[in-house]
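> give me a model of this one.
(one chain, ligands or ions: 1)
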Amino acid sequence: MRTIELSAVTVEFPARVALHDVSVHLDQRRIAVIGANGSGKSTFARTLNGLVTPTAGQVRVHGLDPVRQAKQLRRRVGFVFSNPDTQIIMPTVAEDAAFSLRGRGLSRAEIRERVGAALARVGLVEYADAPAHTLSGGEKQLLALTAVLIGEPSLVVADEPTAYLDAANSRRIARFLLDEMPQQLVLATHDLRLAARCDIALRFEDGRLIDLGDPASVIAKYEVDQA
Ligand SMILES: Nc1ncnc2c1ncn2[C@@H]1O[C@H](COP(=O)(O)OP(=O)(O)OP(=O)(O)O)[C@@H](O)[C@H]1O
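You can find the predicted model right below:
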């Protein structure tokens, strides 16, 4: 079951309430999260994998509590950030792609096979032994995604995954996230064209979930309010 459920979730930081009494039940494949800078999008995304702990309320992601069942949840939820440099941790492309397979009892041959197949899917197989830092920005984001997907998560949370990319690489990443991968996606973004391709959009303002539903109508109201 791909249900994400928040019940009366509040997240308070010392200087600011970043999420205010958010309740929502989501089971769509592609979920867009939109709103102005500082509205709470990243905080919402980060509650889904336990990077942020609610001050009050409950989060359930595919049946798991992201804080109390953090270890199981980390295997189920992959997180993709804007800047792939913050996500690439191993020296070579293949080693980085393989990172989340550690500790799963797989043989070296199985790991090599899975990594090869995963890198081939995103067109990076020829770079397998290259130092990861030599990849271009778009290639690094594809590697970050590969490293997430190789662990076979059931949910991918992407926070502005195209922010650092040029138009061609943005399209490549977006096509992969929106059209090709089977996993459920939560996509926090300022790119309203990407949001429009999702199955549902959530709009935050000052930490409150103020609108949700068909992306076209949520986006249209957002644009009117921003004008
Ligand atoms: N770890 C933190 N400590 C303190 N304040 C934080 C922390 N994380 C977020 N905030 C604050 O909470 C509010 C919501 O931030 P959040 O990053 O969720 O917004 P956002 O909608 O993702 O913004 P942006 O579009 O600029 O990325 C902001 O005022 C931010 O400064």
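> from here on, just use CA atoms for contacts and neighbour counts.
Fine.
> close to the ligand: what parts of this structure are there?
Residues of the chain lying close to the ligand by CA under 6 Å from any ligand atom are 13, 16, 18, 35-43.
> got a pLDDT number for the residue of the chain most remote from its centre?
Distance from the C-alpha centroid of the chain peaks at A109, with 29.0 Å (CA atoms, centre = their mean). For A109, the model assigns a pLDDT of 91.
> following element in sequence after the helix or strand containing R172, please.
Using DSSP states H and E, the element containing R172 is helix 167-175. Moving toward the C-terminus from helix 167-175, the next helix or strand (DSSP H and E) is strand 184-188.
> follow-up on the earlier one: any residues touching the helix holding R172, and which ones?
138, 141-142, 161-162, 194 (CA atoms under 8 Å, 6 or more residues apart in numbering).
> my guess is V17 is in a strand, correct?
Yes: V17 forms part of a strand when assessed by DSSP: H, G, I helix; E, B strand; the rest coil.
> would you confirm that it contacts T10?
Yes: in this structure, V17 is within contact of T10 by CA atoms under 8 Å, at 7.4 Å.
> look at the two and report which has more neighbours.
Regarding V17 and T10, a neighbour count based on other CA atoms under 10 Å identifies T10 as having more, with 23 against 16.
> my guess is H20 contacts S7. True?
No: with contacts counted by CA under 8 Å, H20 stays clear of S7, the gap being 11.0 Å.
> neighbour count winner among these two?
Taking other CA under 10 Å, H20 and S7 do not tie; H20 has more neighbours (20 against 15).
> quick one on the thing from earlier: what mean pLDDT does the helix holding R172 have?
In this model, helix 167-175 has a mean pLDDT of 89.
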